[in-house]
Every structure is written in C-alpha cells, then in structure tokens.
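# I'll drop the sequence and a predicted model, then ask my questions.
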Amino acid sequence: MSAVRSTQVGIVGGGPAGLLLGHLLARQGIDSVVLEARSRPYVEQRVRAGVLEQGTVDLLKANDLGERLQREGLVHEGLELRFDGIGHRIPLAELTGGRAITVYGQQKVVADLTDARLAAGGDLLFEVGDVSLHAIDSDAPSIHFRHDGADHELRCEVIAGCDGYHGVSRDAIPAGAVQVYVREYPFAWLGILAEAPPSSEELIYCHHERGFALHSLRSPELSRLYLQCDPSDELDVWPDERIWEELRTRFATRDGFTLNEGPVVDKLITPMRSVVVEPMQYGRLFLAGDAAHTVPPTGAKGLNLAVNDVRILAGALADWLASGASEGIARYSEQCLEKVWRVQHFSWWMTSMLHRPAGRDPFEHKLQRAQLRYVTRSRAAATTLAENYVGLAGA
Ligand SMILES: Cc1cc2nc3c(=O)[nH]c(=O)nc-3n(C[C@H](O)[C@H](O)[C@H](O)COP(=O)(O)OP(=O)(O)OC[C@H]3O[C@@H](n4cnc5c(N)ncnc54)[C@H](O)[C@@H]3O)c2cc1C
C-alpha cells in the first residue's frame, strides 16, 4: 500500500535544475515536491561545474540566491588561450560591453538552493529510491518511489524531469516519440581538485601536442585542473605524480610558468559527449538540464544551460497552472533548444580547436593552430569566443 499525496509539479532530481525550478515556482505561488536520489551531504560535496555565465549570476541574484555568491564568487573579466608556450589573453568584458563570468562551484549553488528551499518550508526528499513515472501522457501523471522504507505515490499536474544524464525521466518517454542526437568525442577529461592556490588569476585553456589542459579554480585556496586523457583510461593509471608531471609539461611557457601544486582532494575521469533530446517534452513530462542535453565541458556551459531551461519552464508552468495560459508550455522546447544548439556548437568548436586530434592527425593539428592564431589576433574572432563564453543574451 503506497502513501498517496498530491502536488502541482513533481520534480525528479535535486541538482541545480530541479532545485532552482522548485525555487522559481515557489516564488510564483506554485507548489512542488523535489525528489533526490542521493543524500544531502553527497549532493552538496559533488565537485562538478564552476563557471557561471553573466545571465546565470543575474538570475540567481534577482531571486534572492546571491548572498554567498556575491561574497565568494570570483568575477573574471578575461581568460587565457595558451599554445606554443605563449599565453594570449582574451579580454571577455572588454569585448562584450562589460559582461563577465563568475567562478563559483556548482556544489555551492546546490547548497544555497537547498538552504533556501528548506528555509522556506519547501518539500525536498533526499535518498528516494525506485523512482518511476506513470501516465505521463495523461492529465494525471504520477511518480512512484520509495522513501524511509515505505512506498509512495506523488500525484501531479506536471512532472519535471531534472534528474541528469543518468536519470529515469528521459527513458520514461516511449521509444520513437523523441529524437536523440548524440556525438561521442574520442577523448575524456581527467579532473582534479587540489589544495593549492591557483597559479593564475584567470582560466587557462591550453593547447599542447600531448593534449589539452585547463587551469581553473574554485577559491583562492583550491585549484581545479584538467587534462585530456584517453576515454578508456582508469584512475589507477593516473597516480598524482604522473598528473602533476603532465600538467607541468603542458602548461610550460617560454618565460617559465610555475604551476602551484598541493594535495589532490578529488579526482575523476569524465567522458565527453554531446546529447540533445528533441523535443524536451512528452505529454505532461518536461525535461530540463542534463536530462535533456549534455555538452562537453570545454565551453563551461552545462550548468548554465540547465539554469536557462528552468528559467523558461518556471515562467511557462506558472502561467499555465495559475491562469490556464498554455502558450509558454507549448513553446518551452523550441525556446530552450535555440540556446541548446548554439551552445552545442560553441562547445564542439572549443573542443575541436583545443584537443589533441584522434590519431594525432597532422592536418587537423595545423588547422587547430591556424584557428588559435586567428582567434588571438583578430578582434572579431576573439569577440565570437568572448560573447559565447560569457553567454549570449537571448540565445
Ligand atoms: C562528473 C561531471 C563533471 C562536470 N564538470 C563540469 C565542468 O567542469 N564544467 C561544466 O560546465 N559542466 C560540468 N559538468 C556538467 C554540469 O555539472 C551539469 O550540466 C549540471 O550538473 C546539470 O545540472 P542538472 O541539475 O541538470 O543535473 P545534475 O546536476 O546531474 O542533477 C541531477 C540530479 O538528479 C539526481 N537523480 C538522478 N537520478 C535520479 C532519480 N532516479 N530519482 C531522483 N533523483 C535522481 C542526481 O543525484 C542529481 O542530484 C559536469 C558533469 C559531470 C557529471
């Protein structure tokens, strides 16, 4: 026997997409329940993205989520492209009329959203299991799950599938009802979090014949560093000493760049792929964030796309549930996909320009160098990179 309860919007997944959707809906008087498979400490410590577009920062601040972000977020007005041992600064703010990015870890965004939801008395259940979606093509969809040793049924007007790439929502859609576009890349990223002060104030995207490397950061005490590696690599072939040696080699400059080193506190290999599910809706199920699309992390866009989806979805659902206006939900997928495909292109472009080509194809390598020289010498080409990186307004 299941315990039965009702809500307007059942949200599967308590990552950035699900939590922010719940927050935005609550501010418009719409009731929701967020179901998260993992524990609160796990989601608040999971190291993932960390670059927020200008539009993401503006939205969080406008919705009372900006207090810690304002205090601890690190605003960056430029980034470096490094190749042939020389760094070239792309002045993001100067090229985009003052727009910038903010470095603020995804786990902090999730913790801020969790605090806000619980403080407002919103429903957020951690460690739910056996989640399944039912009757999503009817007017009365429901979510079945286990929590605290008991079976539950959550009856909803709408379900938001915000459960990431490995969630169950996307698979609840019947085969053939949506088209799934996939591009697998022949490389992966080995990412580490190190207790070492950042070696540079800004991000460094480094093209090297041994493979791509990225210098990023999470705070004045924590460096976030990535290396292109083989997708079949396991972590045990990458002991810490090998990682530091490879990072030193790839980041080396003609004028003696010094990489700060320290204890590695997190290490992960992430495959790189692009996925888009089209449309992002089936019946009363709306997909948002990584449940609907993933991008290779080179463009730093995954989290920002998730935020854009739920911004649009929250407005559309509020209009519909409060007054019956259905124009917004009818256009939800089309509106999101415009930005999704722009970002897919940008992420693919950055990935293709910066990574060691499969099979070390020498022709491809020459093309990459030509492109890098163009982007760093032409103001028009640099502006293309800059405006996509900080986030194009309205797309
Ligand atoms: C390992 C990794 C590293 C990344 N690094 C970067 C990076 O460096 N830069 C960048 O820009 N982007 C990065 N990304 C992408 C970025 O983190 C995502 O785009 C972002 O998390 C999307 O948010 P989301 O809420 O849609 O999905 P998620 O953050 O994946 O959240 C989904 C939530 O749903 C929960 N869930 C899953 N299944 C169920 C279920 N059945 N029932 C209930 N809950 C469920 C999950 O536990 C999770 O909390 C990375 C992603 C991964 C996986």
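Happy to help now that I have it.
# which parts of the stretch 151-300 of the chain sit against the ligand?
Selection of the stretch 151-300 of the chain residues close to the ligand by Cβ under 6 Å from any ligand atom yields 162-164, 166-168, 268, 270, 289-290, 297, 300. (Each C-beta comes from the backbone N, C-alpha and C, glycine too.)
# which two in the residues you listed are spaced the farthest apart?
Maximum pairwise distance in those, criterion Cβ to Cβ, is 27.2 Å, between V168 and A300.
# Next to the ligand, which bits of the stretch 1-150 of the chain? Give me the list.
12-18, 35-38, 43, 48-49, 51, 106, 128, 131.
# burial measure for the closest residue in space to G299 that isn't next to it in sequence, as a count.
Once flanking residues are discounted, G299 sits nearest to S347: 3.7 Å by Cβ to Cβ, 6 or more residues apart in numbering. By the criterion of other Cβ atoms under 10 Å, S347 has 24 neighbours.
# Identify the residues contacting S347.
Neighbouring residues of S347 by Cβ atoms under 8 Å, 6 or more residues apart in numbering: 274, 295-299, 301.
# Quick check: pLDDT value at it.
With respect to pLDDT, S347 scores 97.
# Ok, G394 next?
pLDDT, G394: 58.
# re earlier: which ChimeraX command selects the buried ones in the residues of the stretch 151-300 of the chain next to the ligand?
A single ChimeraX command selects the buried members of these (16 or more other Cβ atoms under 10 Å):
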select :162,163,164,167,168,289,290,297,300
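# Restricted to strands, list the residues of the stretch 151-300 of the chain next to the ligand.
268, 270 (DSSP state E).
# Just the CA atoms of stretch 172-188, as PDB, please.
This file holds the C-alpha atoms of stretch 172-188, laid out as PDB (Å, rounded to 0.1, in the frame of the first residue of the first chain):
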ATOM      1  CA  ALA A 172      10.000   7.100 -19.400                       C
ATOM      2  CA  ILE A 173       9.300   8.600 -22.900                       C
ATOM      3  CA  PRO A 174       8.200   5.900 -25.400                       C
ATOM      4  CA  ALA A 175      10.900   5.000 -28.000                       C
ATOM      5  CA  GLY A 176      10.300   6.900 -31.200                       C
ATOM      6  CA  ALA A 177       8.400   9.800 -29.500                       C
ATOM      7  CA  VAL A 178      11.600  11.900 -29.300                       C
ATOM      8  CA  GLN A 179      14.800  12.200 -31.400                       C
ATOM      9  CA  VAL A 180      18.100  11.800 -29.600                       C
ATOM     10  CA  TYR A 181      21.100  13.400 -31.200                       C
ATOM     11  CA  VAL A 182      24.500  12.100 -30.000                       C
ATOM     12  CA  ARG A 183      28.100  13.000 -30.700                       C
ATOM     13  CA  GLU A 184      30.800  11.000 -28.800                       C
ATOM     14  CA  TYR A 185      34.300  12.500 -28.600                       C
ATOM     15  CA  PRO A 186      37.400  10.400 -28.700                       C
ATOM     16  CA  PHE A 187      38.800  11.900 -25.500                       C
ATOM     17  CA  ALA A 188      38.000  12.300 -21.900                       C
END
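# rewinding a little: name the element the residue nearest to G299 belongs to?
helix 327-354 (DSSP states H and E).
# just checking, next helix/strand downstream of that helix?
Using DSSP H and E, the helix or strand that follows helix 327-354 towards the C-terminus is helix 362-377.
# need the next SSE after that following helix, C-terminal direction.
Sequence-wise, the next helix or strand beyond helix 362-377 is helix 379-390, with elements assigned using DSSP H and E.
# how much does that next one deviate in direction from helix 327-354?
If you take axes from the mean of the first three to the mean of the last three Cα atoms, to 10 degrees, helix 379-390 sits at 130 degrees to helix 327-354.
# What segments of this protein are helices?
16-27, 40-45, 54-62, 67-72, 92-95, 106-119, 240-251, 302-323, 327-354, 362-377, 379-390 (DSSP state H).
# Tell me the bridge partners for the nearest residue to L214 once chain neighbours are set aside.
The shortest distance from L214 to any non-neighbouring residue, by Cβ to Cβ, 6+ apart, is to Y226 (4.2 Å). Y226 has these beta-bridge partners by DSSP bridges: G191, L214.
# Now for Y226: which residues touch it?
Taking Cβ under 8 Å, 6+ apart as the test, what Y226 contacts is 189-192, 212-214, 216, 297.
# Looking at those residues, which is nearest the ligand?
The closest of those to the ligand turns out to be P297 (Cβ to the nearest ligand atom; 4.0 Å).
# so which residue of the stretch 51-200 of the chain comes closest to the ligand?
G164 (2.6 Å).
# Nearest residue to that residue in space, please, no chain neighbours.
Spatial nearest neighbour of G164, chain neighbours left out: D290 (4.3 Å); criterion: Cβ to Cβ, 6+ apart.
# so the one you found makes contact with P16?
No: using Cβ atoms under 8 Å, D290 is not in contact with P16; the gap is 9.3 Å.
# quick one: common contacting residues for the two?
Common neighbours of D290 and P16 (Cβ under 8 Å, 6+ apart) are A306.
# Arrange the residues of the stretch 151-300 of the chain next to the ligand in JSON lines, one row each, with distance to L118 and pLDDT as further columns.
Formatted as JSON lines, those follow (distance: Cβ to Cβ, whole Å; pLDDT from 0 to 100):
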{"residue": "C162", "distance to L118": "18", "pLDDT": "98"}
{"residue": "D163", "distance to L118": "20", "pLDDT": "98"}
{"residue": "G164", "distance to L118": "21", "pLDDT": "97"}
{"residue": "H166", "distance to L118": "25", "pLDDT": "95"}
{"residue": "G167", "distance to L118": "22", "pLDDT": "97"}
{"residue": "V168", "distance to L118": "24", "pLDDT": "98"}
{"residue": "L268", "distance to L118": "28", "pLDDT": "95"}
{"residue": "T270", "distance to L118": "30", "pLDDT": "93"}
{"residue": "G289", "distance to L118": "21", "pLDDT": "98"}
{"residue": "D290", "distance to L118": "23", "pLDDT": "98"}
{"residue": "P297", "distance to L118": "29", "pLDDT": "95"}
{"residue": "A300", "distance to L118": "29", "pLDDT": "95"}
